[in-house]
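Engineer: Requesting a structural model of the entry that follows:
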Amino acid sequence: MSPGWYLRRLSRMGPREVGGRVGDAVRRRRWRSVRPDCPSVTGARFTAVLPAGTIAAVPPDAAKRLIAEADRLMAGHAEYFGVDRDDLADPDWWYDPKTGRRAPWGYAFDVPYRNEDAVGDIKQIWELSRHQYLTRLAAAYAITGDVRYAERVAEHLRSWWAGNAPLRGVHWTSGIELGIRLLSWVWIRRLLDGWPGVAALFEDNPVAHRQIWHHQRWLAAFPSRGSSANNHVIAEAAGQFAAACAFAWFPSSARLRADALRSLERHLRDNTFESGLNRELATEYHGLVLELGLAAVAEADAAGVPVPSSIRLVLLRMTDALAAVVDGRLRPPRQGDADDGHGLVVDGAGTDRWASLLATGDAVFGRLSWWPEVTGTDVRTPLLAALIRPTAPAVSRPAGRPAHFADAGMTILRGPAEIWCRCDGGPHGFLSIAAHAHADALSVEVRHDGVDVLADPGTFCYHGQPEWRQYFRSTLGHNTLQLDGGDQSVSGGPFLWTRHARTRVLVADTSGASDGGTARWCAEHDGYQHSVHRRRVELTAASQELTVVDEVRGPRRAVRLAFHLGPAIAADLAGNRAQLSWTRDGEDRSAALDLPGQLSWRAHRGESDPPLGWYSAGFGRKEPATTLVGTGFADGTDEFTTVLRFRG
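Structural biologist: Presented below is the predicted three-dimensional model:
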């Protein structure tokens, strides 16, 4: 990174964080030459096994999906972030198939992992070494008893351990990777229980002991701190805690377990609003943190370790919040960054992540009457439910489905025919750097029966493609209004914002549309100096009509108003009216979008210089989609009115 980036990053830290990072730097230098040996382990046992009958509770269709996925993995095939791999029978742990580059060998903290020219796409390299494909293979063994799956897992673990000595190479540079990897190892050991070779792989294996111990030593020494204490620190604490519970074979195990539990309790609370939504305001990280928290509680209950009631309470609130915000097809908002990260993976392709989390929440906490129905099945829920002690925390839960989350600034307007509209009036992001935030204040996201009509375009990438990273997190890259060609918040780097727009919600009346009337929302932000952008949104049930009114108070400014259509939407733009059409379950659907006449409108699709007109369904993947952009001027008195009318 450039010297300017380091100065900007330093400006977002407080004195305590600076002191902690100085200590980290000293420790890294010292560790270069001092590498203690792992304490000898004798009499190691693994007792945190699944209760009898757990595997029999796995639904047959979920098991079938898992076995199909496991067989693809056995044949060497997998897809990560839009890149197909066929080398998983004998993987190169440091190879990036996207760029063809191989990460350099050397002392871990010397590896420039952010530099794609030197290392390759770090997400591609790291993902395989989270070993979540091995938890799938281990789960396939647990369900089928086929030793081929177990033998492949053992072969790959031994290969990884041999090729990734402690503190050597790219896989020892990031705490979240070590934490998730430890959690995977715990579940691999659990799911391989009953295989004759499992003790030789773990309990009786000095190489495994050394790897586990050094992972735990690293996590204890280099926690994510201060302005970086987001989902990363949750993964670090959850993995550390899980390993200290399940692999309690070392003199330091009890201390590490207690420290990790304190960290987990503190940071789960800090990372979560009272309403239950994740403070990063990035929905996929809500899912990741919830998965990690549930996995940690499962380890605690399996080991008989008491857990503070506050941890279960946060997870309960997160689950209720998730149930509240999903649309009729159980899709949550597409807000903020998303990198397809998971905490625990034991399911095959085609399993609905969000339905799985709600099913687990039902099993652990009990569903409320207003929760949406979950019809899908998964492998993970019966496994977690077998370990987690069902609880009913002594706390009042919402009597009806919440629609306005004041602390997070998220409001969901719902209308007939499964019209779903998310209005964004919340904080820019979490902590001083707001690492996973987008410049999306006052943006709206609209779906009809689960189909993206006015879409949040997504994330696409993190490192290596700065022009695309900038676009997907920009103001122009969202359904909101841009002034003078700039973003509402000021970016200082790919995970750094140096000035945050402040937003306040003025009106949030969500009851009207459900009663056949009109739901209303209004908010404003101060992200543009000397001007205030205010937006009003109304959803009228009787006419299936969504009205968006934008107002700019302040001096005359150049305006660009963007509406990003989902990839399934065809648009015919004539003047300031766009006819929209799409198909859902074989049925033709349509809508009319009347755009502000004061602006000059143009449709953009799949443009690359500069990027405009794209939709990213998942990390590393993008496809052309239509974006309608209106350009003109606001003189402080104009109102720009947009009306979306659904037909039928």
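Engineer: you'd agree D24 is up against F222?
Structural biologist: Yes. When contacts are counted by Cβ atoms under 8 Å, D24 is listed as touching F222 (5.7 Å). Bear in mind the C-beta positions are built from the backbone N, C-alpha and C, glycine included.
Engineer: higher neighbour count, those two?
Structural biologist: F222 (22 against 15; other Cβ atoms under 10 Å).
Engineer: May I ask you to confirm that that one is in contact with A25?
Structural biologist: No. Taking contacts as Cβ under 8 Å, F222 lies outside contact range of A25: 10.4 Å.
Engineer: Any figure for the gap between R605 and G618?
Structural biologist: For R605, the distance to G618 equals 20 Å [Cβ to Cβ, to the nearest Å].
Engineer: To clarify, my last question referred to F46.
Structural biologist: 35 Å.
Engineer: ditto for T42
Structural biologist: 46 Å.
Engineer: okay, the two: which has more neighbours?
Structural biologist: G618 (16 against 6).
Engineer: Report the contact partners of that one.
Structural biologist: By Cβ atoms under 8 Å, 6 or more residues apart in numbering, G618 lies in contact with F81, G82, A338, D340, G458.
Engineer: now with 7 Å?
Structural biologist: Neighbour list for G618: D340 [criterion: Cβ atoms under 7 Å, 6 or more residues apart in numbering].
Engineer: Please, where are all the strands along the stretch 401-550 of the chain?
Structural biologist: 404-405, 410-415, 419-424, 444-448, 451-454, 481-483, 490-493, 496-499, 503-509, 518-525, 532-540, 545-553 (DSSP state E, counting those that start in this stretch).
Engineer: tell me the angle of the second one relative to strand 545-553?
Structural biologist: Same thing as strand 410-415. 140 degrees (axes from the mean of the first three to the mean of the last three Cα atoms, to 10 degrees).
Engineer: Run me through the strand neighbours of strand 410-415, direction for each.
Structural biologist: In the sheet, strand 410-415 lines up against strand 404-405 (antiparallel), strand 419-424 (antiparallel) (DSSP bridges).
Engineer: out of these, deepest packed?
Structural biologist: The highest mean neighbour count among the strands paired with strand 410-415, using mean count of other Cβ atoms under 10 Å, belongs to strand 419-424: a mean of 26.
Engineer: who's in contact with it?
Structural biologist: For strand 419-424, contacts defined as Cβ under 7 Å, 6+ apart pick out 327-328, 333, 335, 409-414, 440-448, 521, 537, 539, 544, 546, 646.
Engineer: and the angle for that strand with strand 503-509?
Structural biologist: Using the same axes, to 10 degrees: strand 419-424 against strand 503-509 is 150 degrees.
Engineer: Pull strand 419-424 out as CSV, backbone CA atoms only.
Structural biologist: What follows is strand 419-424, C-alpha atoms only, in CSV (Å, rounded to 0.1, in the frame of the first residue of the first chain):
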residue,chain,number,x,y,z
ILE,A,419,-43.7,-6.2,-3.2
TRP,A,420,-40.6,-5.7,-0.9
CYS,A,421,-38.7,-2.4,-0.6
ARG,A,422,-35.7,-1.8,1.6
CYS,A,423,-35.0,1.9,2.4
ASP,A,424,-31.5,2.8,3.7
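Engineer: Work out the gap between that strand and the centre of the chain.
Structural biologist: Between the centre of strand 419-424 and the centre of its chain there are 20 Å (Cα atoms, centre = their mean, to the nearest Å).
Engineer: quick one, that strand and strand 532-540 angle?
Structural biologist: For strand 419-424 against strand 532-540, the angle by the same axes, to 10 degrees is 160 degrees.
Engineer: taking the mean pLDDT, what do you get for strand 419-424?
Structural biologist: The pLDDT scores in strand 419-424 average 97.
Engineer: One more: stretch 104-120?
Structural biologist: Stretch 104-120 carries an average pLDDT of 94.
Engineer: now this structure, which segments are flagged as low pLDDT?
Structural biologist: Along the chain, the parts satisfying pLDDT under 70 run over 513-514, 648.
Engineer: Identify the single longest helix in it, thanks.
Structural biologist: Longest helix of the chain, by residue count under DSSP state H: helix 283-303.
Engineer: and that one, what other elements does it pack with?
Structural biologist: With contacts taken as 3 or more Cβ pairs under 7 Å, 6 or more residues apart in numbering; DSSP states H and E, helix 283-303 sits against helix 231-246, helix 309-325, helix 353-365, helix 380-387.
Engineer: for these, which one sits closest to P3?
Structural biologist: Minimum separation from P3 across these (Cβ to Cβ) falls at helix 231-246, 24.5 Å.
Engineer: Tell me how far D449 lies from L546.
Structural biologist: Relative to L546, D449 is positioned 15 Å away (Cβ to Cβ).
Engineer: who has more neighbours, these two?
Structural biologist: Between D449 and L546, counting by other Cβ under 10 Å, L546 is the more crowded of the two (26 against 18).
Engineer: What residues does that one make contact with?
Structural biologist: Contacts of L546 by Cβ under 7 Å, 6+ apart are C421, V446, L539, L644.
Engineer: cool, S543 as well?
Structural biologist: R645.
Engineer: what about A25, helix or strand, and which?
Structural biologist: For A25, the host element (DSSP states H and E) is helix 15-31.
Engineer: need the strands paired with strand 410-415 in CSV with distance to R217, can you?
Structural biologist: As requested, those are arranged in CSV below (distance: least, Cβ to Cβ, whole Å):
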stretch, distance to R217
strand 404-405, 40
strand 419-424, 42
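Engineer: Might one say that R520 is in contact with D509?
Structural biologist: Yes. R520 lies in contact with D509 (Cβ atoms under 7 Å); the separation is 4.6 Å.
Engineer: out of the two, which sits in the busier spot?
Structural biologist: Set R520 next to D509 and count neighbours by other Cβ under 10 Å: R520 wins out with 21 against 17.
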